[in-house]
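Visitor: here's my sequence, what's the structure:
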Amino acid sequence: MSTARLEAALEDCAKARRFVTYGALAAEIGLDGPGRIARLTGLLEELMEQDAAAGRPLRAVVVTGRSAGGLPARGFFLKAQELGFEVSDPQAFFEREAERVFAAAA
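Guide: Model (predicted):
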């Protein structure tokens, strides 16, 4: 699995203004087997680091947890906070960041 496939899948989501679950994204980009979600999470965190360093919106915001009430998993917010983002209100941060990703893809 290449990072290019992951980035293309996230770009497709952003252009369509849609969200995707971790499991669906893993299947879409060809990650399978045990630990596939952990591998995907690692790749998403690397992209978050790249996005933050480049001043871009966090593309990983379009990936949501099946049991997270429509939000990304907790690790997304922890990583965003580690990168210097204000995430004390996760819902508000999610909405702002999603809109930034959608606007950048338009």
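
Visitor: average pLDDT across stretch 40-47?
Guide: Across stretch 40-47, the average pLDDT comes to 96.

Visitor: what about the chain, any weak spots by pLDDT?
Guide: Within the chain, the stretches with pLDDT under 70 are 1, 68.

Visitor: middle-most residue in it, spatially?
Guide: A60 (1.4 Å; CA atoms, centre = their mean).

Visitor: now do the SS call for the residue lying closest to that one once chain neighbours are set aside.
Guide: Spatial nearest neighbour of A60, chain neighbours left out: L44 (4.2 Å); criterion: CB to CB, 6 or more residues apart in numbering. (C-beta placed from N, C-alpha, C; glycine too.) Each residue gets one of three states, and L44 gets helix by DSSP: H, G, I helix; E, B strand; the rest coil.

Visitor: quick one: residues contacting L44.
Guide: Taking CB atoms under 8 Å, 6 or more residues apart in numbering, we find L44 in contact with 6, 60, 63, 76.

Visitor: and the helices in this structure?
Guide: Assigned by DSSP state H, the helices in the chain fall at 3-16, 22-29, 36-54, 74-82, 90-105.

Visitor: in JSON lines: these, plus distance to S67.
Guide: Listed next are the helices of the chain as JSON lines, based on distance: least, CB to CB, whole Å:
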{"stretch": "helix 3-16", "distance to S67": "19"}
{"stretch": "helix 22-29", "distance to S67": "10"}
{"stretch": "helix 36-54", "distance to S67": "12"}
{"stretch": "helix 74-82", "distance to S67": "11"}
{"stretch": "helix 90-105", "distance to S67": "15"}
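
Visitor: got the phi/psi numbers for G84?
Guide: phi 100, psi 10 (degrees, to the nearest 10).

Visitor: what about the closest residue in space to it that isn't next to it in sequence, neighbour count?
Guide: Distances taken as CB to CB, 6+ apart place A52 nearest to G84, at 7.1 Å, with adjacent residues excluded. Around A52 there are 17 other residues, counting by other CB atoms under 10 Å.

Visitor: nice, that's everything, thank you.
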